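# Got a predicted structure plus its sequence, pasted below:
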Amino acid sequence: AMPAFPGDPSRNLPPNVYRPEDTQNFTALIAEFRRQLDEIGKENGKHYLLTIAAPTSPEAHSKMELDKMYPNLDWINVMTYDIHGAWDVTGPTNFDAPLYSSPDDPAKPPYNLSVDSTIQAYLAMGIPPEKLVMGVPF
């Protein structure tokens with residue numbers, strides 16, 4: 001499991017379990033999904049989409065091999081919404097999905113994320129822009 005959920009003791013929910021080999025295993029799982037979807041697609045003449053919803057957090061990025069995964073994905077849905085919320089230490093309120101970082105953001109680096117900083121981080125990892133779908137809150 002990816003370390004996306006830190007747990008919630010108030011609701012008796014434990015955190016995800018993360019093992020170092022999970023990073024490579026997740027990359028291998030995506031590659032295997034792509035291989036099998038392509039195999040089925042050859043049989044019936046269809047292309048099956050393979051996408052992921054990916055985080056804004058640089059900490060989570062470090063647990064994923066996005067540069068190795070993206071060739072097997074049709075696109076990456078970047079969760080550039082709910083960047084801040086009641087779970088923030090500086091909460092309970094903050095900008096939900098700031099387009100750019102603001103000096104008024106009560107969160108301090110590395111938690112003062114924005115849509116722009118997140119998309120720029122993906123591009124810096126070598127992910128082609130045509131593979132990125134920016135999430136928008138509603």
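In hand now; what should we look at?
# List the buried residues of the host helix or strand of residue 28.
The secondary structure element spanning residue 28 is helix 22-44 (assigned by DSSP states H and E). Buried residues in helix 22-44, counted by 16 or more other Cβ atoms under 10 Å: 22, 23, 26, 27, 30, 34, 37. To be clear about C-beta, it is placed using only N, CA and C from the backbone, and glycine gets the same treatment.
# could you dump these to TSV with distance to residue 78?
Written out in TSV, the entries for those read as follows (distance: Cβ to Cβ, whole Å):
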residue	distance to residue 78
22	21
23	19
26	17
27	18
30	16
34	19
37	22
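# CA atoms of the lowest-mean-pLDDT helix or strand in the chain as PDB?
Counting by mean pLDDT, DSSP states H and E, the weakest-scoring helix or strand in the chain turns out to be helix 58-61, with a mean of 85. Extracted C-alpha coordinates of helix 58-61, given in PDB (Å, rounded to 0.1, in the frame of the first residue of the first chain):
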ATOM      1  CA  PRO A  58       6.500  15.400  -2.600                       C
ATOM      2  CA  GLU A  59       6.800  12.800   0.200                       C
ATOM      3  CA  ALA A  60       4.400  10.500  -1.600                       C
ATOM      4  CA  HIS A  61       6.200  11.200  -4.900                       C
END
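# List the residues that contact the spatially most central residue of the chain.
Most central residue of the chain, judged by C-alpha distance to the mean C-alpha position with Cα atoms, centre = their mean, is residue 54 at 1.8 Å. With contact set as Cβ atoms under 8 Å, 6 or more residues apart in numbering, residue 54 has these partners: 64, 66, 76, 77, 78, 79, 122.
# low-scoring pLDDT stretches of the protein, where are they?
In the predicted model, the chain carries pLDDT under 70 at residues 1-6, 92.
# 80 - rerun?
Across the chain, the ranges flagged by pLDDT under 80 are 1-13, 15-17, 86-93, 138.
# mind listing the strands for the protein?
51-54, 75-78, 132-134 (DSSP state E).
# can you list these in TSV and add distance to residue 87?
What follows is these, written out as TSV (distance: least, Cβ to Cβ, whole Å):
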stretch	distance to residue 87
strand 51-54	18
strand 75-78	19
strand 132-134	22
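# can you tell which of these is closest to residue 103?
Taking Cβ to Cβ, strand 132-134 is the member of these nearest to residue 103, at 23.0 Å.
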